[in-house]
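[1] Got a predicted structure plus its sequence, pasted below:
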Amino acid sequence: MAKIPPGVGPRHPQVVVLVGASGDLARRKLLPGLFHLCSAGFIPDCRIVGVSLDEIDADAFRALAKAAIEEFFPRKVKAADWSAFAQLLDYVSLAAGPQALNAAVLKAEQALGGEVRRLHYLSVPPAAALPAVRLLGEAQLVERSRIVMEKPFGTDLESAVVLNAKLHEVFAEEQIFRIDHFLGKEPAQNILAFRFANGLFEPIWNRTFIDHVQIDVPETLGLGARAGFYEQTGAYRDMVVTHLFQILAFMAMEPPTALEPKPISEEKNKVFRSMLPVDPKDVVRGQYNGYRQEEGVDPESDTETFIALKCLIDNWRWAGVPFFLRTGKKMAEGQRIISIAFREPPKSMFPVGSGIGAQGPDHLTFDLADASKMSLSFYGKRPGPGMRLDKLSLQFAMHDTGLAGDVLEAYERLILDAMRGDHTLFTTAEGIERLWEVSIPLLENPPPVRLYPPGAWGPKSIHQLVAPHAWRLPFERAWRDPNREGG
Ligand code: BG6
């Protein structure tokens, strides 16, 4: 077992109450993540009580968890690790009611002994969030607890305000952890390191040097078993108002006074306050062909499975710099990038036909995939006679460091942070409400959905949206693979 550095794990034994324990997120991420955290020694004393609508017993829940871990845990599951983990699991169906839940948690606490803390993880759709909060209140599980709320946090400004108010009737703000797993991704945090640990880039991180920014997260995935959730949610609520805007804030914020929760939230919230309301004219909504025929989808559905938009941050640093955001399902490639296009030189002395500017501006690109890559592209001279220019690049990949094995999956990182009470990578009520506020014009007046064929980059009108610029994806050259010869 790898040695866990001190201060990384929680100080107290933990009982995790996982509400939505048989759902998609629990199966894909939370159960495999908890399995890893427990078996690798990050959480030495832990018990997990699964809760969901399914009327199953603890053994059936263990079987479900085992199947999920075998399918989604990225490494081979050792039999001994699984049987140790299986002992930590218990289950209570929602129908059994608050008393049964209370009894299961107390039993787990007795088994652990000591000063136990509770972590309630609500992995449920927005409509089920408040009933789950009420259940925890009725089960008298608020004391010594923290609660992790999954996104989307509400579905618009009004519902988010109500949700926050009702949540505060049961839990105090410092107990609440609104999760956005993109902020738990190693490369997202690396944006902060890159910007604020170096003197090189921050001086050019502004409208004088940066022409535009793209945050592009196309996915090849379809909906899987999530049609019910997705029909109510759509790409804007599922991805933009949460993940993409949060990443945008890390990219655009001013240096915080300290790398601590409050100063970071303050700076992120200032970015959100400076954002102009999203103008429906600057939005392309798309839906892939065949979506309406999927099970659980309304045959006349207007839900978007794709969205691209331009947004503006009207502050001293960014006035006039467009931020283009795009994401969607069943697209041509799965990528997660932030690409920063620098302004071109004011004057060119290179001859016509030299290739200057032919491959777009210089770019700094962050790949937010777990492998965490960065590239800086620029023009350089092609060897040989005359003056021909080629686009070249400096590239870095986390794999080059030999430390890629230390990366914690985003949910794992954030679960540990929540257990330790560290809010740094979580979102605030104020920030979320402001994002719903800037979304009002779009939510009230969404442009019609345009169809796109599965495997495309979205509807045709995406090109008009960024003109006279161009989408950075698909890349004209693949990332270099350091493990390949000549890479
Ligand atoms: C989730 C969305 O929050 O993020 C999904 O609900 C999306 O629709 C997923 O596929 C993408 O996350 P990741 O970590 O796989 O990029």
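    Perfect, I can see it now. Residues are numbered from 1 along each chain as shown.
[2] Could you look up the SS state of the residue of the stretch 1-150 of the chain found nearest the ligand?
    Nearest to the ligand in the stretch 1-150 of the chain, going by CB to the nearest ligand atom, is Leu25, at a distance of 7.8 Å. Glycine gets a C-beta too; all of them are placed from N, C-alpha and C. Using DSSP: H, G, I helix; E, B strand; the rest coil, the structure places Leu25 in helix.
[3] Surely it touches Glu150?
    Yes - with contact defined as CB atoms under 8 Å, Leu25 counts as touching Glu150 (6.9 Å).
[4] higher neighbour count, these two?
    A count of neighbours by other CB atoms under 10 Å puts Glu150 above the other of Leu25 and Glu150, at 22 against 17.
[5] Now do the contacts for the closest residue to the more buried one other than its chain neighbours.
    Once flanking residues are discounted, Glu150 sits nearest to Ser123: 5.3 Å by CB to CB, 6 or more residues apart in numbering. Counting by CB atoms under 8 Å, 6 or more residues apart in numbering, Ser123 touches Leu18, Val19, Gly20, Ala21, Gly23, Leu25, Ala26, Leu30, Glu150.
[6] What of Phe153?
    Each residue near Phe153 by CB under 8 Å, 6+ apart is listed here: Pro126, Ala160, Leu163, Arg178, Thr242, Thr427, Ile432.
[7] centre of the chain versus stretch 345-360, how much separation?
    The chain centre lies 38 Å from the centre of stretch 345-360; the measure is CA atoms, centre = their mean, to the nearest Å.
[8] Look at it and report the distance between its end residues.
    For stretch 345-360, the first-to-last residue distance is 12 Å (CA to CA, to the nearest Å).
[9] ok, residues contacting that stretch?
    Counting by CB under 8 Å, 6+ apart, Ala341, Glu344, Tyr379, Arg382, Met387, Arg388, Leu389, Asp390, Lys391, Ala470, Arg472, Glu476 sit against stretch 345-360.
[10] Can you tell me the SS state at the spatially most central residue of the chain?
    Nearest residue to the geometric centre of the chain (CA atoms, centre = their mean): Phe182, 2.3 Å. On the three-state scheme (three-state DSSP), Phe182 is labelled helix.
[11] Buried members of the contacts of Ser123 into ChimeraX, please.
    Of the contacts of Ser123, the buried ones go into a single ChimeraX selection, burial set by 16 or more other CB atoms under 10 Å:
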select :18,19,20,21,23,25,26,30,150
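[12] how about the contacts of Ser123, which pair is most distant?
    By the measure CB to CB, Ala21 and Glu150 form the most distant pair in the contacts of Ser123, at 12.8 Å.
[13] Stretch 345-355: which residues count as buried?
    Of all the residues in stretch 345-355, those buried under the rule 16+ other CB under 10 Å are Ser354, Gly355.
[14] can you check stretch 133-150 too?
    Val133, Leu135, Leu136, Ala139, Leu141, Val142, Ser145, Arg146, Ile147, Val148, Met149, Glu150.
[15] hang on, the earlier thing: sitting in strands, which of the contacts of Phe153 do you find?
    Mapping those onto strands (DSSP state E) picks out Arg178.
[16] Kindly reformat the contacts of Phe153 as TSV containing pLDDT.
    Shown next, in TSV, are the contacts of Phe153 (pLDDT from 0 to 100):
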residue	pLDDT
Pro126	85
Ala160	95
Leu163	93
Arg178	97
Thr242	92
Thr427	94
Ile432	96
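[17] so which of the contacts of Phe153 comes closest to Gln287?
    If you rank the contacts of Phe153 by distance to Gln287 using CB to CB, Thr242 comes first, at 20.0 Å.
[18] rewinding a little: can I get the contacts of stretch 345-360 in TSV including neighbour count and pLDDT?
    Shown next, in TSV, are those (neighbours: other CB atoms under 10 Å; pLDDT from 0 to 100):
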residue	neighbour count	pLDDT
Ala341	23	97
Glu344	14	92
Tyr379	20	95
Arg382	14	94
Met387	14	92
Arg388	15	94
Leu389	19	95
Asp390	13	93
Lys391	18	92
Ala470	11	94
Arg472	23	94
Glu476	10	79
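[19] Could you work out the most separated pair of the residues you listed?
    Largest separation among these by CB to CB: Met387 and Arg472, giving 26.3 Å.
[20] Not counting sequence-adjacent ones, nearest residue to the residue in the stretch 301-450 of the chain that the ligand sits nearest to?
    Nearest residue of the stretch 301-450 of the chain to the ligand (CB to the nearest ligand atom) works out as Arg336 at 5.7 Å. Spatial nearest neighbour of Arg336, excluding adjacent residues (CB to CB, 6+ apart): Leu368 at 3.8 Å.
[21] just Phe85 next, same as before
    Phe35 (5.2 Å).
[22] Wasn't the one you found part of a helix?
    Yes - with the criterion set as three-state DSSP, the secondary structure at Phe35 is a helix.
[23] What about it, how many residues nearby?
    When neighbours are defined as other CB under 10 Å, Phe35 has 26 of them.
[24] same question, the one 10 residues further on
    Other residues within reach of Asp45 by the criterion other CB under 10 Å amount to 17.
[25] So it sits against Ala111, correct?
    No - with contacts counted by CB under 8 Å, Asp45 stays clear of Ala111, the gap being 9.5 Å.
[26] Which element, helix or strand, includes His469?
    In the assignment (DSSP states H and E), His469 maps to no helix and no strand.
[27] now Leu25: how far from Ala60?
    Applying CB to CB, to the nearest Å, the value for Leu25 to Ala60 is 19 Å.
[28] go on, Gly431?
    Taking CB to CB as the measure, Gly431 falls 39 Å from Ala60.
[29] Show me which of those two is the more surrounded one.
    Ranked by neighbour count (other CB under 10 Å), Gly431 and Ala60 place Gly431 first, with 23 against 13.
[30] Tell me how many other residues surround the closest residue in space to Ala429 that isn't next to it in sequence.
    Residue nearest to Ala429 in three dimensions, not counting chain neighbours: Asn164, with 4.6 Å by CB to CB, 6+ apart. If you count neighbours by other CB under 10 Å, Asn164 ends up with 20.
[31] Check the burial of Glu412 by counting its neighbours.
    For Glu412, the tally of surrounding residues (other CB under 10 Å) stands at 23.
[32] which element is it on?
    Here Glu412 sits within helix 410-420, counting by DSSP H and E.
[33] gap between that helix and the chain center?
    For helix 410-420, the distance from its own C-alpha centre to the chain's C-alpha centre is 14 Å (CA atoms, centre = their mean).
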